[in-house]
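Engineer: Have a look at this prediction, sequence included:
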Amino acid sequence: MRVCLLVVGPVADDPRVRRQGDALAGAGHDVTAIGLEGATSPGPAWKVVTVPRRRDRLAVATLGLRLLGVRVAPWLADRAYWSFNEHRRMLDAAVATGAEVVHANDWDTLPVAAAAAERLGAPVLYDSHELAVEESDRRLWRLLFPAYVRRLEGRSIHVAAVVTTVANGIADALMAQYRLRERPTVIRNTPPYQEVAFREPGERITVLYQGLLNPDKGLDRLIASVDQWHPEFRLVLRGYGIPRYEAHLRSLASGNPRIEFAPSVPMTEMVTAASTADIGIHPLPAVNRQTRYALPNKLFEYAMAGLALCVSGAPEMKRVVDEHALGVTFPDAEPATIAAAVNSLDRVSIATYKRNALAAARVLSWEQEQTKLLEIYERLAG
C-alpha cells in the first residue's frame, strides 16, 4: 500500500518514525514521510518530503490568547491549529501522496491526518508517543495547552481505524479518556537489534545520561547527586536541549571534574555511542501520568548497548528492568535517592546487569516489536 507517515519534526531525527518507515518499506509498502526541515541525522532509504517551518508572526503572537480562549470556546482550537503554515503545507503534501493509509505520529499531526484521509478516502492510524494532555509539567504549558490538545486529539482520535501507543499505562489512559471502542495496541520504543560486545567495568565507572537536556528530565537533581557518589563513578551527559536550560545545567556542573558534557550524536549512532559507558541513568521525576507511564527510547537503547540500568521507578520502566534483571530503580528523583541507587552498584553487580542486558537485547528489539505494526497493516490492506 501507499503509506503516508506524518510527524511535526525532522523525520530523520525521529527514532520511532524511522523504525516505522523501515518496517513498512521492508514489508513492501510504498512509504512517504512528511516532516519538518532541520534534520541532523542521515536520511532513510524511503522518501521524505520536507515542509519548512515558517510561522506567521501574528499567529505566534496571538497563540497564547487563543489557547486561553479554548478553555471557554473549544472551537478556537481548530482555528489556532490551522493558523500555522506548516500544518496547511503538511496537509497539501499528504494529499499529494495519494496514500492508502495516513499514519499520524502524535497529537499534533492527527488533525492533518484526519483531513487528508477524508480527501483520500483512506484510513488513519494514530500513534500516540506519549500521554498528550499531560505532555509537560511546566506551569505555562499546563495553563495553555491541555484544553487545546484534548480538543484536537478528542475530535480526531475516533476517526482513526487503529490507535497505537508506546506503553500500557498510556493505552489504558487513552481508552478511558476518550471512551475508545478498542484498546490501543502497545508497540514499544525499542531499537533495531545491534550486536555489542560485553565490556567489563574498569577502575572508573561511567554513568551515562543520553537524550534531551530539558527541564522535565530531572537533570538538575542528577547533577546535584554526583557529589554524594562513590569516587569511582563519573557522569557523562550527552544530548542537546533548550539552550537556556542547557547553560543552567553546565553552570550547576561547573568545577566538578567528575561531570562531563559530550556532544550529541545522530540517532542512528545512539547505541554505539552509549556502549562506551557502564551504567545508563534516567532520573525522570514521576510528576504526572505521562511520566509515570513513560517507557522512553533511552531505556531500550541503554539495554541494547549492554549497560546496567539505574532509572526512576515509574511502573512501566520498573517492570522492564525487573523482568529482565537489568539493574536498579529508585523511588523518587531526589539527589540523595539517586546517589544511593548509584552507590548500591559495584563492579560485580554492574557486570552481571550488563550481561543480562546483552542477553535481553534480542527480545527488547524493534525486530520483535515491529511484528505488531506489520500485522496491523496486513489487516488494513485486507
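Structural biologist: Thanks, I have the structure now.

Engineer: tell me which residues in stretch 262-272 are buried?
Structural biologist: By 16 or more other CB atoms under 10 Å, the buried positions in stretch 262-272 come out as 264-265, 267-268, 270-271. C-betas here are computed from N, CA, C, even on glycine.

Engineer: outside of that stretch, which residues touch it?
Structural biologist: Residues outside stretch 262-272 that contact it (CB atoms under 8 Å, 6 or more residues apart in numbering) are 12-15, 18, 40-42, 191, 194, 196, 210, 236-240, 273, 297, 301, 304-305.

Engineer: ok, now stretch 215-235?
Structural biologist: 136-138, 203-209, 211, 213, 237, 242, 245, 248-249, 252-253, 256, 258-260, 279, 281-285, 287, 291, 312, 333-336, 338-339, 342-343.

Engineer: Show me where the stretch 251-382 of the chain has its helices.
Structural biologist: 270-274, 289-292, 297-304, 315-324, 335-343, 347-360, 366-381 (DSSP state H, counting those that start in this stretch).

Engineer: Can you mark which positions in the fourth one are buried?
Structural biologist: To tie it back to what came earlier, the one meant is helix 315-324. Neighbour-count burial for helix 315-324 flags 316-321, 324 (criterion: 16+ other CB under 10 Å).

Engineer: Can you lay out these as CSV showing pLDDT and distance to W82?
Structural biologist: Output for the buried residues of helix 315-324, formatted as CSV (pLDDT from 0 to 100; distance: CB to CB, whole Å):
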residue, pLDDT, distance to W82
E316, 91, 34
M317, 94, 37
K318, 95, 41
R319, 94, 40
V320, 96, 39
V321, 97, 43
H324, 98, 45
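
Engineer: I'd like those residues laid out as CSV, including distance to R57.
Structural biologist: Output for the buried residues of helix 315-324, formatted as CSV (distance: CB to CB, whole Å):
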residue, distance to R57
E316, 40
M317, 41
K318, 46
R319, 46
V320, 45
V321, 47
H324, 50
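
Engineer: Identify the farthest-apart pair in these.
Structural biologist: Pairwise distances across the buried residues of helix 315-324 peak at 13.6 Å for E316 and H324 (criterion: CB to CB).

Engineer: circling back to that earlier point, could you export the helices of the stretch 251-382 of the chain as TSV, including distance to E86?
Structural biologist: Listed next are the helices of the stretch 251-382 of the chain as TSV, based on distance: least, CB to CB, whole Å:
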stretch	distance to E86
helix 270-274	26
helix 289-292	24
helix 297-304	24
helix 315-324	31
helix 335-343	39
helix 347-360	39
helix 366-381	26
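
Engineer: Contact partners for P15?
Structural biologist: By CB under 8 Å, 6+ apart, the contact set of P15 is 189, 191, 267, 270, 297.

Engineer: Helix or strand, whichever it is, which one in the protein has the lowest mean pLDDT?
Structural biologist: None of the helices or strands of the chain scores lower by mean pLDDT, DSSP states H and E than helix 57-61, at a mean of 69.
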